[in-house]
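S.K.: 3D model of this:
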Amino acid sequence: MLAIVDYSMGNLRSVQKAFELLDVPAKIVSSPADIRRADKLILPGVGAFADAIAILESSGQAEAIKDFIRTQRPLLGICLGLQLLMEKGYEDGEHTGLGIVPGDCVRFSVDQPPASLKVPHMGWNSIQVRGDVPLFKGIESGTHYYFVHSYFVRPTDARDVAATADYGGEFTAAICRDNVMAVQFHPEKSQVAGRRILRNFADL
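M.R.: Model prediction:
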């Protein structure tokens, strides 16, 4: 079973529908037991880091996600789902994340002079793929994906960075650490290129 975690902060139906277009059954789940039973897990998300981690912790989902990851089954984080995997997030204060990937999550500062780029970073942007990453099988550097975010992750270990993008400077667009993969962009909103990402994940 491919399961999508419902913690009340994601565009769950859009992700589920994207998998349906690929003829891949995907079930929306919320109970820790269902999370632990999944064959593959999607951690999506739209919203604030602090609120999201509080819900995950209080519901028991956080520990279930960690248990799932320990079994070496594949997990894909999307947008906020990527950010929550880090050790720390700095949205409205300092908050402890799931701690799966060493590093933190910080706000873009490009809306401050002299850069004067708008935050959130919103729209299509190209990525640069790093190394041979199964999630990006058949995807070339320069492929465009749809982003909507004000914060980005900074992995401690550069080897965890699977792809980068540029917005007033290079930032991490995707990570891959063992069985844990995550993207800052929205593959479910990125048309053919996004569906290729989801297909690659489903085929792992």
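
S.K.: so what's residue 89 bridging to?
M.R.: residue 95, residue 105 (DSSP bridges).

S.K.: could you tell me which residues make contact with it?
M.R.: By C-beta atoms under 8 Å, 6 or more residues apart in numbering, the contact list for residue 89 reads 49-50, 53, 83, 95, 97, 104-105, 151. Any C-beta I mention is one placed from the backbone N, CA and C, and that applies to glycine too.

S.K.: what residue in the protein is the furthest from its centre?
M.R.: residue 114 (29.7 Å; C-alpha atoms, centre = their mean).

S.K.: what's stretch 185-198 in contact with?
M.R.: 11, 14-15, 17-19, 21-22, 24, 78-79, 125, 127, 135-136, 138-139, 143-148, 165, 173-174, 183.

S.K.: meant to ask about stretch 118-138, not that
M.R.: Residues contacting stretch 118-138 (C-beta under 8 Å, 6+ apart): 76, 107-108, 110-111, 139-150, 161-167, 173-174, 176, 181, 183, 185, 196-197, 200-201, 204.

S.K.: related to what we said a few turns ago, ChimeraX command for the buried members of the contacts of stretch 185-198?
M.R.: Selecting the buried subset of the contacts of stretch 185-198 in ChimeraX, with 16 or more other C-beta atoms under 10 Å as the burial test, is done by:
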select :11,15,18,19,24,78,79,125,127,135,136,139,143,144,145,146,147,165,173,174,183
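
S.K.: where helices are concerned, which of the contacts of stretch 185-198 count?
M.R.: With helices taken from DSSP state H, the overlap with the contacts of stretch 185-198 comprises 14-15, 17-19.

S.K.: so what's residue 74 up against?
M.R.: Residue 74 touches 40-41, 179, 181, 201, 204, counting by C-beta under 8 Å, 6+ apart.

S.K.: again but with residue 93, I slipped
M.R.: Contacts of residue 93 (C-beta under 8 Å, 6+ apart): residue 50.

S.K.: distance of it from residue 23?
M.R.: Using C-beta to C-beta, to the nearest Å, we find residue 93 at a distance of 43 Å from residue 23.

S.K.: residue 102 reaches residue 154, doesn't it?
M.R.: No: assessed by C-beta atoms under 8 Å, residue 102 is found out of contact with residue 154, at 9.9 Å.

S.K.: cheers, nothing more for now.
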